[in-house]
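J.: Just need the structure, nothing else, for what follows:
(one chain, ligands or ions: 1)
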Amino acid sequence: MAAKKGRGQAGGKPGQKKRQGQRWDDHYTHKAKSDGFAARSVYKLSEIDKRRKLFKPGQRILDLGCHPGSWSKYAAQSIAPDGLVIGVDRNPTTPPHPNVKTITSDIFNLNADFKQDAPQGFHAVLSDLAPDTTGIRDVDEARSLELAQRALEIAHKNLRPNGFFVVKIFQGPDFKPWLEEAKKLFSTHNIIRPDATRKKSREIFVLLAGFRGQSAVEG
Ligand SMILES: C[S@@+](CC[C@H](N)C(=O)[O-])C[C@H]1O[C@@H](n2cnc3c(N)ncnc32)[C@H](O)[C@@H]1O
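T.: Model prediction:
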């Protein structure tokens, strides 16, 4: 039986010609390393930010699924010197910048202590949360949507009026109905597929901006 080729093996033997996808992967991975970021996913957030000018000094940001810390570091650099990023992940994460605090927790069991650092709420909630993938498309899409829904609930409870929410989702059949509900809480929405996203990936990012306030009702 032929062995399955894992992601780490895609480059093949030394001297072997690399596939285009692998060269692309290497490009962003090397760039992240030389730019001082722990993961190449930083270029997804930076592209969204460059398009929409999201971050401003002084903001309070909640970053869900923050490990290993590249989004938190990017956001912290953008909101310094006096802003704050609170990163949450079930994996312990060393704060990647002096303006970042990290919390080790599952987002489904997140206790409310983090609110003390932003008594007036957060200017933004970011979610790059990703499930452990099974390779079964329906299962992975459903798990991704569950994480997005939980992130939306946290955003709804913790955003300041006019705040924004950036969320990653694997697009599946339930995405559109989910978006229809989420849109009711915000005044604008954009669906973005950054260049740094792998060509084969079904992930997209939704930017929902102009939060209408905690009293915004669904339905
Ligand atoms: C793609 S990574 C995030 C990368 C990060 N944005 C960065 O740039 O460094 C997705 C993260 O979601 C986290 N995650 C997935 N499900 C979670 C859950 N239920 N609670 C907390 N974190 C979770 C994983 O541990 C993983 O670190």
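J.: give me the number of residues near Arg160?
T.: Neighbours of Arg160 under the rule other CB atoms under 10 Å: 17. Heads up, the C-betas are built off the backbone N, CA and C, glycines and all.
J.: And the lengthiest helix in the chain, what's buried?
T.: Criterion DSSP state H: the longest helix present in the chain is helix 137-158. For helix 137-158, a neighbour-count test (16 or more other CB atoms under 10 Å) marks 140-141, 143-145, 147-152, 154-156, 158 as buried.
J.: now swap in stretch 54-71 and tell me
T.: 54-55, 59-71.
J.: Show me what the longest helix of the chain is packed up against.
T.: strand 60-64, strand 122-127, strand 159-170, helix 175-183 (3 or more CB pairs under 8 Å, 6 or more residues apart in numbering; DSSP states H and E).
J.: Take these and write them to TSV, including distance to Ile79 and mean pLDDT.
T.: Compiled in TSV, the helices and strands packed on helix 137-158 are given as follows (distance: least, CB to CB, whole Å; pLDDT from 0 to 100):
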stretch	distance to Ile79	mean pLDDT
strand 60-64	6	98
strand 122-127	8	98
strand 159-170	13	98
helix 175-183	24	97
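J.: among these, which is nearest Tyr43?
T.: The minimum distance between Tyr43 and those falls on strand 159-170, with 13.5 Å, by CB to CB.
J.: ok, that closest one: who's next to it in the sheet?
T.: strand 122-127 (parallel), strand 203-211 (antiparallel) (DSSP bridges).
J.: And the contacts of the longest one?
T.: Meaning strand 203-211. 44, 48, 52, 54, 130, 144, 155, 159-171, 179, 182-183, 185-194, 197 (CB atoms under 8 Å, 6 or more residues apart in numbering).
J.: any residue of stretch 95-104 up close to the ligand?
T.: No - applying CB under 6 Å from any ligand atom, one finds stretch 95-104 out of contact with the ligand, separated by at least 8.2 Å.
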